[in-house]
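**Q** structure for the following, please:
(one chain, ligands or ions: 1)
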Amino acid sequence: MLYDKLKKYSKSGVYPFHMPGHKRNTALSDGTMPYEIDLTEIDGFDNLHNAEGCILEVQNLAERLYNVKKAFLLVNGATGGILSAVRAMTNRGDKVLVARNSHKSVYNALEICGLEPEYIVPAVDDEFGINCSITPLQVEKAIVKNPNTKLLIITSPTYEGVVSDIKEICRIAHLHNVMVLVDEAHGAHFPFSKSFPSEAVASGADAAVASLHKTLPSLTQTALLLTSNESLINSLAENLAIFETSSPSYIFMSAIEKCLEFCENASAFDEYIKRLNSFNEKCKSLKKIKVLCYGNDEVKNHRFFDFDISKITVSVRRLDINGTQLAEILRNDFKIEPEMVCSDYVLLISTVCDTDEGFARLINALQIIDSKCSVKELNAYRYSITIPKISVKPCECSGKDGEFCLLEHSIDKISLEYVWAYPPGIPIIAKGEIITQDIANIIIAQIASGINVCSTKGKIPKEIYCCI
Ligand SMILES: Cc1ncc(COP(=O)(O)O)c(C=O)c1O
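**A** Sure thing, here's the model as predicted:
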């Protein structure tokens, strides 16, 4: 299909008097740059924004594997899909219900689409301090309180693998004529094993965005926008033409094809599940370190509807080291680089491409750290996300006059910027919200424990941009 066609064309002897500027001249690099298959929309190579040929075939493959009516290939990450889907599913001024633990791309979509958000705040897990599932009851209450809601946006699975009851949530939302968009960026692998939770569109979501590059063997920036709601297909396509590049990378698109072909091979996923099961057994030997839903910990200990076992969240809350220190030990002593570091835990992402050696190295490291570290007294969590006080709609913030304030002097002022820990990229405060002492404390505590906290204007940790 696409990849083979690109390869064949690279050997065809046709001279490129067209973009890209490297002219497929492989002599320009030491062979590491795949110039020979980096094409543009020349004759016979289809057009992502109006796919009819070899790109449509890749989309059809995705539709079959994800069991959806329409799959759009994304080359600007899940971000491009989220911006497009939110704009396609709303009109300016609409009220939208949004899980507060949404990625910043969702907040950016709210702002550029001129939407009025109402947040649903997930409970925080007592042991791990992570966000629990959004419950159907929370959704029902929020819809009843906001009867003119147009769209519900929810992240499932979360970065840490927490899954919400999308089926029941969609049933309730649809009863009230509310559409549902699921940010499934971390769940692209769900269709490929029964050991993973159900996919969002199959569970009733009107649209979902899945990042292939996060949990499957694809290139960074590749993702899919999925829907089985036929009435949305045209407006999704129109909006993708706005938010996605007009020069989509054929390398990315052929990486999507290769990834999907790989995923058709179920045996790789069977092997992967065996590795995860074996890791689970070995985690039972850990005495102080806790691994979320692994070893002696179970899904039923948490307020989770379901859990994605590909995520390995290692809590050091009971140990005399913090998350940053655990990450340093893993990095320096065991040559293991984690995905995300928080004050009390470290998140490691496993995928179907991990090796037995990789898992052996991880469990060996955890067992050694577990035996060397001491236990500390357990403190209750001091921080949790609360319902933000929205003073100005995010879309109305851009015209406002602002000034930089020292964080400690910003209490009760309106933030004109986003502040987030990266990763995961979930805002601690969003534009138009009132800065409370609790929020300032969270920012200060995160920075103190070595977390990378960023802001739109870039002056955090010292200053935050506020409304005058
Ligand atoms: C939950 C969630 N949604 C969306 C995104 C954006 O994905 P991408 O980097 O593919 O644009 C991320 C990125 O980390 C994420 O964690």
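**Q** tell me the centre residue of the protein?
**A** For the chain, the residue nearest the mean C-alpha position is Ala185 (4.1 Å; CA atoms, centre = their mean).
**Q** report all helices and strands that the helix or strand that contains Phe269 contacts.
**A** Mapping Phe269 onto the secondary structure by DSSP states H and E places it in helix 266-283. Taking 3 or more CB pairs under 8 Å, 6 or more residues apart in numbering; DSSP states H and E as contact, the helices and strands that helix 266-283 lies on are helix 356-372. All C-beta spots, glycine's among them, are computed from the backbone N, C-alpha and C.
**Q** for the helix or strand that the helix it packs on is followed by, list every residue counted as buried.
**A** Once the chain leaves helix 356-372, the next helix or strand it forms, by DSSP H and E, is strand 402-406. When burial is assessed from 16 or more other CB atoms under 10 Å, strand 402-406 yields the following buried residues: Gly402, Cys405.
**Q** got a list of contacts for the helix or strand following strand 402-406?
**A** On the C-terminal side of strand 402-406, the nearest following helix or strand under DSSP H and E is strand 419-421. With CB atoms under 8 Å, 6 or more residues apart in numbering as the test, strand 419-421 has contacts from 104, 342, 426-429, 443, 446, 451-456, 460, 464.
**Q** kindly report the same for stretch 352-365.
**A** Residues lying outside stretch 352-365 but in contact with it, judged by CB under 8 Å, 6+ apart, are 189, 192, 216-217, 268-269, 271-272, 275, 278-279, 282-283, 312, 329-330, 333-336, 348, 350.
**Q** which single residue in the chain comes nearest to the ligand?
**A** Per CB to the nearest ligand atom, Gly77 is where the chain lies closest to the ligand, at 2.5 Å.
**Q** pLDDT value on that residue, please?
**A** According to the predicted model, the pLDDT of Gly77 comes to 97.
**Q** quick one: residues contacting it.
**A** Ser211, His213, Thr220, Gln221, Thr222, Ala223.
**Q** quick check, nearest of those residues to Gly161?
**A** Taking CB to CB as the measure, Ser211 is the one of those closest to Gly161, at 14.1 Å.
**Q** and the closest one, how many residues sit next to it?
**A** Counted with other CB atoms under 10 Å, the burial measure for Ser211 works out to 24 neighbours.
**Q** can I get stretch 305-314 as PDB, trimmed to CA atoms?
**A** The C-alpha coordinates for stretch 305-314 follow below in PDB (Å, rounded to 0.1, in the frame of the first residue of the first chain):
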ATOM      1  CA  PHE A 305     -14.400   2.200  36.600                       C
ATOM      2  CA  ASP A 306     -11.600   0.400  34.800                       C
ATOM      3  CA  PHE A 307      -7.800   0.500  34.400                       C
ATOM      4  CA  ASP A 308      -5.400   0.200  31.500                       C
ATOM      5  CA  ILE A 309      -2.700  -2.300  32.600                       C
ATOM      6  CA  SER A 310      -0.100  -0.800  30.100                       C
ATOM      7  CA  LYS A 311       0.500   2.000  32.600                       C
ATOM      8  CA  ILE A 312       3.000   1.500  35.400                       C
ATOM      9  CA  THR A 313       2.500   4.100  38.100                       C
ATOM     10  CA  VAL A 314       5.100   3.600  40.900                       C
END
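**Q** begin at 48 from now on, thanks
**A** Done: numbering now begins at 48, and the last item shifts to stretch 352-361.
**Q** which residues are contacting that stretch?
**A** Against stretch 352-361 from outside (CB under 8 Å, 6+ apart): 175, 177, 180, 182, 204, 206-212, 233-234, 236-237, 242-244, 262, 323, 326-327, 336-341, 346, 373, 392-398, 409, 413.
**Q** any of those residues buried? List them.
**A** The neighbour-count criterion (16+ other CB under 10 Å) marks 175, 177, 180, 182, 204, 206-212, 233-234, 236-237, 243-244, 262, 323, 326, 336-341, 373, 392-397, 409, 413 among the contacts of stretch 352-361 as buried.
**Q** one step back: now do the helix holding Phe316: distance to the chain's middle.
**A** Counting by CA atoms, centre = their mean, to the nearest Å, helix 313-330 is centred 23 Å from the centre of its parent chain.
**Q** just the buried residues of it, please?
**A** By neighbour count, and taking 16+ other CB under 10 Å as the criterion, the buried residues in helix 313-330 are Phe316, Tyr319, Ile320, Arg322, Leu323, Phe326, Lys329, Cys330.
**Q** about what we covered before: filter the contacts of Gly124 to the buried ones?
**A** Among the contacts of Gly124, those scoring as buried are Ser258, His260, Gln268, Thr269, Ala270 (criterion: 16+ other CB under 10 Å).
**Q** show me what contacts the residue nearest to the centre of the chain?
**A** Remark: with contacts taken as CB under 8 Å, 6+ apart, Ala232 is in contact with Ala125, His150, Thr202, Val256, Ala257, Ser258, Lys261, Ala270.
**Q** strands - which of those residues land there?
**A** Among those, DSSP state E puts Thr202, Val256, Ala257, Ala270 in strands.
**Q** possible to save those as CSV with distance to the ligand and pLDDT?
**A** What follows is the ones in strands among the contacts of Ala232, written out as CSV (distance: CB to the nearest ligand atom, whole Å; pLDDT from 0 to 100):
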residue, distance to the ligand, pLDDT
Thr202, 5, 98
Val256, 7, 98
Ala257, 9, 98
Ala270, 5, 98
